[in-house]
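Student: sequence first, then the predicted structure, then my questions.
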Amino acid sequence: MKICIVGAGALGSLFGGLLARAGMAVWLYNPSNVAHVHAIQRDGVCIERDAEIITVAVPATTTPDALADADLVGIFVKAHQTGRALEQIAPKLNPRSWVLSLQNGVGMEAEILRFVSPERFLRGVTSQGATLVGPGRVRWAGVGPTVLGRWSGPPTPEIDAIIALLRSAGIETDYSGEVERLLWEKLLVNCAINPLTALFERSNGAIVEDPQLREVARAVVCEALRVARAHGVGLGELEAIDRVETVARRTAQNISSMLQDVRRGRPTEIDYINGAVVREGERLGIPTPLNLLLTKLIKERSP
Ligand code: KPL
């Protein structure tokens with residue numbers, strides 16, 4: 001199976017590197033971070049985990065040609081870059097390829113579905129934590145489950161094969177028939193961890209270690225949960241809080257993707273995370289003042 005990773009940044013390079021290490025034919029595509037691509041071409045992807053360093057040779061490229069005969073295309077660009085990335089790859093995209101998005105947030109699916117049939121679209125979530133620490137170098141800062149489902153249609157043996165190959169690469173992966181619920185459950189995690197770690201410049205562990213941040217995070221989760229219930233999330237408040245805090249503990253050393261973006265002066269995914277909760281809350285008539293406040297504060301801090 002040939003796999004092409006679109007948007008090989010921290011998480012994309014981690015997934016691509018692990019799949020290549022397990023013997024898959026993987027291509028990493030990143031048209032904007034040329035230094036990262038050149039470092040991978042020269043030295044391979046370097047995955048740092050605690051004291052261990054895994055170096056894997058993977059072809060990397062700034063052009064989308066490798067997509068033409070890919071069996072699986074992984075979309076790892078930031079949520080707000082989805083439309084542009086899909087426009088760039090569309091001429092090369094093979095209609096028979098499976099397209100998998102494990103992106104944070106909700107709302108970018110429409111951009112993917114402009115070019116990909118809903119039957120070939122796999123959407124999921126991952127709690128793996130990764131940070132780009134330099135060109136070609138990724139810190140694998142947290143291990144967590146990956147769950148994916150088919151946007152439209154029943155599971156197929158091909159999807160089972162994709163899950164099996166992710167597992168064989170050491171990426172714990174399961175299938176879900178309830179993609180929307182899955183996305184909103186993960187959104188609860190990102191709603192609390194991402195903006196608070198970005199605003200207070202803390203690693204994920206602060207969400208459980210700092211009593212004040214913990215209290216605010218819990219209030220943000222409970223507020224977002226009222227909106228998430230309309231999307232199939234059946235968790236009680238304590239369960240939702242527990243999910244968020246478990247991820248914060250498991251990725252305690254990780255710098256959230258939003259803090260990484262703020263530090264680099266890049267746009268964040270806030271419109272697809274807390275901003276999505278606010279928009280859905282407005283539509284449903286559910287007030288979301290905390291999520292609105294966090295959205296505004298993050299926008300003050302990023303371009
Ligand atoms: O998804 C993440 C992110 O940083 O965007 C978590 C799970 C919070 C890991 O850092």
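Tutor: In hand now; what should we look at? Only a predicted model underlies this, so the values are computations on that prediction, with no experimental measurement involved. Numbering: from 1, shown residues only.

Student: for the rest of this, base every contact and every neighbour count on C-alpha atoms.
Tutor: Will do.

Student: contacting residues around the residue of the stretch 151-300 of the chain found nearest the ligand?
Tutor: The ligand sits closest to S256 of the stretch 151-300 of the chain, with a gap of 3.3 Å, by CA to the nearest ligand atom. Contacts for S256 (CA atoms under 8 Å, 6 or more residues apart in numbering) come out as 129, 193-194, 197-198, 203-204.

Student: now I171, what's its secondary structure?
Tutor: coil (DSSP: H, G, I helix; E, B strand; the rest coil).

Student: sorry, back to before: which of the contacts of S256 fall within helices?
Tutor: Judged by DSSP state H, the subset of the contacts of S256 located in helices is 193-194, 197-198.

Student: among those residues, who's most crowded?
Tutor: When neighbours are taken as other CA atoms under 10 Å, the top entry among these is I193 (31 neighbours).

Student: residue numbers of the chain in contact with the ligand?
Tutor: Residues of the chain lying close to the ligand by CA under 6 Å from any ligand atom are 127, 129, 190, 193-194, 254-257.

Student: could these go into CSV alongside pLDDT?
Tutor: Formatted as CSV, the residues of the chain next to the ligand follow (pLDDT from 0 to 100):
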residue, pLDDT
S127, 84
G129, 83
N190, 96
I193, 97
N194, 97
N254, 86
I255, 89
S256, 91
S257, 90
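
Student: tell me the phi and psi of the residue most central in space within the chain?
Tutor: Centroid-nearest residue in the chain: Q103, 3.3 Å away (criterion: CA atoms, centre = their mean). When read as degrees, to the nearest 10, the backbone of Q103 gives phi -70, psi 150.

Student: would you check that it makes contact with H80?
Tutor: No. Q103 lies out of contact with H80 (CA atoms under 8 Å); the separation is 10.2 Å.

Student: any chance of the ones in helices among the contacts of S256 in a markdown table, plus distance to A57?
Tutor: Below are the ones in helices among the contacts of S256 laid out as a markdown table (distance: CA to CA, whole Å):
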| residue | distance to A57 |
| --- | --- |
| I193 | 33 |
| N194 | 32 |
| T197 | 33 |
| A198 | 33 |
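
Student: now the two most distant members of those residues.
Tutor: Using CA to CA, the pair of the ones in helices among the contacts of S256 lying farthest apart is I193 and A198, separated by 8.4 Å.

Student: go through the residues of the chain next to the ligand and flag which are in strands.
Tutor: Those of the residues of the chain next to the ligand mapping onto strands are G129, per DSSP state E.

Student: one step back: please identify which pair of the contacts of S256 lies farthest apart.
Tutor: Greatest spatial distance in the contacts of S256: G129 and A198, 15.1 Å, computed using CA to CA.

Student: if we can go back for a sec, nearest to I273, of the ones in helices among the contacts of S256?
Tutor: N194 (8.8 Å).

Student: surely that closest one and D261 touch.
Tutor: No. Counting by CA under 8 Å, N194 does not reach D261; the two are 10.4 Å apart.

Student: count the residues that sit near R84.
Tutor: When neighbours are counted by other CA under 10 Å, R84 registers 12.

Student: returning to that earlier point: tell me how far the residue of the stretch 151-300 of the chain closest to the ligand lies from P118.
Tutor: For S256, the distance to P118 (CA to CA, to the nearest Å) stands at 30 Å.

Student: one more: T197?
Tutor: The span separating T197 from P118 equals 34 Å under the rule CA to CA.

Student: ranges for the strands of the chain?
Tutor: Using DSSP E, the strands found in the chain span residues 2-6, 25-29, 45-49, 52-56, 60-61, 72-75, 98-101, 121-126, 129-134, 137-142, 146-150, 173-175.

Student: okay if I get those as JSON lines plus distance to P287 and mean neighbour count?
Tutor: Output for the strands of the chain, formatted as JSON lines (distance: least, CA to CA, whole Å; neighbours: other CA atoms under 10 Å):
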{"stretch": "strand 2-6", "distance to P287": "36", "mean neighbour count": "25"}
{"stretch": "strand 25-29", "distance to P287": "41", "mean neighbour count": "25"}
{"stretch": "strand 45-49", "distance to P287": "41", "mean neighbour count": "22"}
{"stretch": "strand 52-56", "distance to P287": "46", "mean neighbour count": "15"}
{"stretch": "strand 60-61", "distance to P287": "45", "mean neighbour count": "24"}
{"stretch": "strand 72-75", "distance to P287": "32", "mean neighbour count": "23"}
{"stretch": "strand 98-101", "distance to P287": "30", "mean neighbour count": "24"}
{"stretch": "strand 121-126", "distance to P287": "26", "mean neighbour count": "23"}
{"stretch": "strand 129-134", "distance to P287": "31", "mean neighbour count": "20"}
{"stretch": "strand 137-142", "distance to P287": "33", "mean neighbour count": "22"}
{"stretch": "strand 146-150", "distance to P287": "30", "mean neighbour count": "22"}
{"stretch": "strand 173-175", "distance to P287": "33", "mean neighbour count": "18"}
